[in-house]
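Novice: sequence? don't have it. structure:
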């Protein structure tokens with residue numbers, strides 16, 4: 001069994017420090033990808049690179065890592081990818097709706113990953 005698959009099915013979530021580190025790595029990779037692709041796709045989908053980061057963090061590190069990745073994504077996107085750039089400006093209705101929908105769907109993704117890890121653990125115990 002590959003180490004990543006064992007990490008998912010072990011269910012044992014990471015402690016705070018490793019979870020924070022995993023969230024920072026996932027958020028950092030997503031931010032780098034967003035910076036790389038934003039000149040090509042513009043600012044219409046500022047959270048696109050963060051969905052895979054949330055999934056990876058939640059599956060590999062548990063709910064703490066997934067939740068921290070969501071929070072990192074919201075702060076970084078608001079600061080760097082939503083005009084006015086590189087400052088925390090007031091969000092208009094469309095921007096705040098975009099942030100809220102991302103947060104809701106990302107937290108739902110963390111919960112689904114949590115439930116998946118529970119089910120995988122249950123399966124491995126009964127095999």
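Specialist: Happy to help now that I have it. This is a predicted model, so every value here is computed, not measured. Numbers count the residues shown, from 1 in each chain.

Novice: gap between the most centrally placed residue in the chain and residue 91?
Specialist: Relative to the mean C-alpha position of the chain, the nearest C-alpha, by C-alpha atoms, centre = their mean, is the one of residue 54, at 2.1 Å. Between residue 54 and residue 91 the distance, using C-beta to C-beta, to the nearest Å, works out to 20 Å. In short, each C-beta sits where N, CA and C put it, glycine included.

Novice: and if you look at residue 62?
Specialist: As for residue 62, its distance to residue 91 is 30 Å (criterion: C-beta to C-beta).

Novice: compare those two and say which is more crowded by neighbours.
Specialist: It is residue 62, of residue 62 and residue 91, that has more neighbours when counted by other C-beta atoms under 10 Å, with 25 against 15.

Novice: the more buried one and residue 118: what is the separation?
Specialist: If you measure residue 62 against residue 118 using C-beta to C-beta, the figure is 11 Å.

Novice: secondary structure element holding residue 38?
Specialist: When elements are defined using DSSP states H and E, residue 38 is found to belong to helix 16-41.

Novice: same question for that helix: list its buried residues.
Specialist: Along helix 16-41, the positions that meet the burial threshold by neighbour count (16 or more other C-beta atoms under 10 Å) are 19, 20, 22, 23, 25, 26, 27, 30, 31, 34, 38.

Novice: again with stretch 109-124
Specialist: Going by neighbour count (16+ other C-beta under 10 Å), the buried part of stretch 109-124 is 109, 110, 113, 114, 117, 120.

Novice: check the secondary structure at the fifth one for me.
Specialist: In other words, residue 117. Taking DSSP: H, G, I helix; E, B strand; the rest coil as the rule, one finds residue 117 in the helix state.
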